[in-house]
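[1] what follows is a predicted structure for the sequence shown.
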Amino acid sequence: VHHIAADGDAKAIVDALMEPLAPGSHVVITLNTTVIKPENMRRAAEAYNAAFGNPPIYLSSPDRIAALFGGFELVDPGVVTVTRWKPDPATDPDGQAAEEMDLFVGVARKS
């Protein structure tokens, strides 16, 4: 859904993908955001769109990502950066907390 501008269209795609799946199935969505380093991500999206932008990439927000899961059970910890999704936040080889990035993820379960 990185390439879908309209929220309603993106939600319809997620719903269409989930509809035929059995209860207990999961969907994972990752989207680039402008939460951590907004100016860097805007420049990266502009560069991508200038070079390859057919279709263009759209930056998102954690709220937009969460809305795509409407009607499904969002799995803890919800929509967070990819380095924070698992129970123990990611660390680098030196044991330091991994740097946050503008890639957020959520996982939802079909009831």
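    Cool, got the structure. Residues are numbered from 1 along each chain as shown.
[2] please report how far I29 lies from D94.
    31 Å (CB to CB, to the nearest Å). Yep, even glycine has a C-beta here, placed from its N, CA and C like the rest.
[3] neighbour count: the two, which is higher?
    I29 (19 against 5; other CB atoms under 10 Å).
[4] partners of the helix or strand hosting the more buried one in the sheet?
    Using DSSP states H and E, I29 sits within strand 26-32. If you go by DSSP bridges, strand 26-32 pairs up with strand 103-109 (antiparallel).
[5] mind exporting the partner strand as PDB, just the C-alpha atoms?
    Provided in PDB are the C-alpha atoms of strand 103-109 (Å, rounded to 0.1, in the frame of the first residue of the first chain):
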ATOM      1  CA  LEU A 103       9.400   2.200   8.900                       C
ATOM      2  CA  PHE A 104       6.400   1.400  11.000                       C
ATOM      3  CA  VAL A 105       4.700  -2.000  11.200                       C
ATOM      4  CA  GLY A 106       1.500  -3.500  12.500                       C
ATOM      5  CA  VAL A 107       0.200  -7.100  12.700                       C
ATOM      6  CA  ALA A 108      -3.500  -7.900  12.800                       C
ATOM      7  CA  ARG A 109      -5.400 -11.100  13.300                       C
END
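[6] quick one, helices of the chain?
    7-18, 38-52, 62-68 (DSSP state H).
[7] quick one: the first one to strand 26-32, angle?
    Right, the one you point to is helix 7-18. Orientation check (axes from the mean of the first three to the mean of the last three CA atoms, to 10 degrees): helix 7-18 against strand 26-32 gives 150 degrees.
[8] same deal with the second one?
    Direction vectors for helix 38-52 and strand 26-32, defined by the same axes, to 10 degrees, enclose an angle of 100 degrees.
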